[in-house]
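*Asks:* Whatever this is, show me its structure:
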Amino acid sequence: MSMIRTGLENLAKSPPACLEGKRLGLLCNPASVDSRLTHARDILYQIYGNGLAALFSPQHGLYAEKQDNMVESEDLYDPELAIPVFSLYGKTRRPTGEMMDLIDVLIVDMIDVGTRVYTFVTTLAYCLEEAKKRDITVVVLDRPNPTGGIQVEGNCLKAAYTSFVGRYPVPMRHGLTIGEYAGWINTHFSIGCNLEVIPMQGWRRSMYYRDTGLFWVAPSPNLPTPESALVYPGQVIWEGTNISEGRGTTQPFELFGAPFLDTDRILSFMGGNRLEGCTLRPAVFEPTSNKWKGTPCRGFQLHVTDPARYKPYETSLKLLAAILFHHKDRFEWKTPPYEYEFETLPIDLILGDGELRQKIEAGGNVTEMLRKCRPEIDSFIECSRPFRLYE
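*Replies:* This is a model prediction of the structure:
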């Protein structure tokens, strides 16, 4: 049994008076479960009955069944509860007035993977903004950050690269729980929504997901394990390239490669296969879908050996530099569209800064580039510190 009590379980243990007699909406997906794997929908129905008036789903759908980016979900109907299910990754990515008219309070129960480009936090921001316009309360049920709550890593997003995969000037790996993130953006960016965060009990910032004792339920199809979530803040960069990020295999984001990769040359560039906090194991895989479908790819599986020392973003950028150095002739940047942006290079949206891509192309030193980002990281940590709920 887990020693962690999530925000959902704390709500169930002491239902807040502010929810009594209100029409409730729930933004959720399959990972919205308690430590016994009972879904938030069922828990809220047990407590509030017909007070549960609508469900909302983020990217990948209510059942996390949609595989890829820009694969939209339709609105559904929950036949058991006789209530609508509104997709916030379909005809609209913001809750509309028609949707919000059905509720007085929106409860958000989603696990975020601690990464700027993971779209759930953008959906959360849109919900806060639309709720503010209509005087609707938002209650965020907090959950662990699978990548831990201590390490903060990467460059902060530049305003010119704002998109659905990056709304605010945060580092790639931000180190906040979804409840902390909600509190910070609501105040720091003057959203001003009536927000309540129901915190966890027992979670510590030094914990990674395997330390929590909680079951892992994939929040999206290509994060099947806590390990895939741990490498994601770095390995997501391959989405902006013709290198497979392992989609169409059983180990997405842990596996990466392409038919043309020379693994010996890459390892030589990296100084061997044992990197800080991780090991690169040469591998061959054949994706059943997505990039290089049906074609054997040479590459690596990334094995995290010490999560506290592992820097996913820096590691993956160094691997990108190695591939650019040795395979300029075959390597390609993915072209738009990417997450509803039709002009900007996907890699620039992912990195949140076009200059960073240009410096890596020019053979710049990745460690030095990220060292220069340290002041903006420190500034982010300072301004978000008051919203940390766990020390």
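
*Asks:* Show me the protein divided up by domain.
*Replies:* 7-213+382-387, 226-371 (automatic domain parsing).

*Asks:* how about the ones you listed in JSON lines, adding mean pLDDT, mean neighbour count and distance to residue 219?
*Replies:* Heads up, the C-betas are built off the backbone N, CA and C, glycines and all. Putting the domains of the chain into JSON lines (pLDDT from 0 to 100; neighbours: other Cβ atoms under 10 Å; distance: least, Cβ to Cβ, whole Å) gives the following:
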{"stretch": "domain 7-213+382-387", "mean pLDDT": "96", "mean neighbour count": "19", "distance to residue 219": "4"}
{"stretch": "domain 226-371", "mean pLDDT": "97", "mean neighbour count": "18", "distance to residue 219": "8"}
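
*Asks:* Out of those, which is closest to residue 220?
*Replies:* Residue 220 sits nearest to domain 7-213+382-387 of all these, at 4.5 Å, using Cβ to Cβ.

*Asks:* Go ahead and flag the most central residue of the chain.
*Replies:* Central residue of the chain (Cα atoms, centre = their mean): residue 118, 2.9 Å from the mean position.

*Asks:* On the three-state scheme, the closest residue to that one other than its chain neighbours is what?
*Replies:* For residue 118, ignoring the flanking residues on the chain, the nearest one in space by Cβ to Cβ, 6 or more residues apart in numbering is residue 112 at 6.0 Å. Put simply, residue 112 is coil when judged by DSSP: H, G, I helix; E, B strand; the rest coil.

*Asks:* can I assume residue 81 sits in a strand?
*Replies:* No: counting by three-state DSSP, residue 81 falls outside a strand, being coil.

*Asks:* if I pick it, what's in contact with it?
*Replies:* By Cβ atoms under 8 Å, 6 or more residues apart in numbering, the contact list for residue 81 reads 41, 45, 52.

*Asks:* Check which helices and strands the helix or strand hosting the first one is in contact with.
*Replies:* Using DSSP states H and E, residue 41 sits in helix 40-48. With contacts defined as 3 or more Cβ pairs under 8 Å, 6 or more residues apart in numbering; DSSP states H and E, helix 40-48 has these neighbours: helix 7-13, strand 24-27, strand 52-57.

*Asks:* any chance of these in JSON lines, with distance to residue 355 too?
*Replies:* Putting these into JSON lines (distance: least, Cβ to Cβ, whole Å) gives the following:
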{"stretch": "helix 7-13", "distance to residue 355": "39"}
{"stretch": "strand 24-27", "distance to residue 355": "35"}
{"stretch": "strand 52-57", "distance to residue 355": "36"}
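
*Asks:* Can you say which of these is nearest to residue 141?
*Replies:* Per Cβ to Cβ, nearest to residue 141 of the helices and strands packed on helix 40-48: helix 7-13, 3.2 Å.

*Asks:* before we move on, the earlier item: state the phi and psi torsions of the residue nearest to the centre of the chain.
*Replies:* Main-chain torsions, residue 118, degrees, to the nearest 10: phi -70, psi 120.

*Asks:* just residue 218 next, same as before
*Replies:* phi -60, psi 120.

*Asks:* give the contact list for residue 147.
*Replies:* Contacts of residue 147 (Cβ under 8 Å, 6+ apart): 113, 114, 115, 173, 175, 208, 229, 230, 232, 233, 312.

*Asks:* Quick check: it vs residue 180, distance?
*Replies:* The gap separating residue 147 from residue 180 is 13 Å, by Cβ to Cβ, to the nearest Å.

*Asks:* all helices in the stretch 151-300 of the chain, in order from the N-terminus.
*Replies:* 178-188, 209-212, 226-235, 263-270 (DSSP state H, counting those that start in this stretch).

*Asks:* In a markdown table: these, plus distance to residue 337.
*Replies:* Shown next, in a markdown table, are the helices of the stretch 151-300 of the chain (distance: least, Cβ to Cβ, whole Å):
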| stretch | distance to residue 337 |
| --- | --- |
| helix 178-188 | 26 |
| helix 209-212 | 32 |
| helix 226-235 | 21 |
| helix 263-270 | 29 |
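
*Asks:* for the ones you listed, which one sits closest to residue 306?
*Replies:* In terms of Cβ to Cβ, the element of these nearest to residue 306 is helix 226-235, at 11.2 Å.

*Asks:* got the CA coordinates for the closest one in PDB?
*Replies:* Taking C-alpha atoms only, helix 226-235 is exported to PDB below (Å, rounded to 0.1, in the frame of the first residue of the first chain):
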ATOM      1  CA  PRO A 226       7.600   5.700 -15.000                       C
ATOM      2  CA  GLU A 227      11.000   5.200 -16.800                       C
ATOM      3  CA  SER A 228       9.500   6.500 -20.100                       C
ATOM      4  CA  ALA A 229       8.300   9.600 -18.200                       C
ATOM      5  CA  LEU A 230      11.700  10.100 -16.500                       C
ATOM      6  CA  VAL A 231      13.500  10.300 -19.900                       C
ATOM      7  CA  TYR A 232      10.800  12.200 -21.600                       C
ATOM      8  CA  PRO A 233      12.000  15.800 -20.700                       C
ATOM      9  CA  GLY A 234      15.000  15.100 -23.000                       C
ATOM     10  CA  GLN A 235      13.900  12.400 -25.400                       C
END
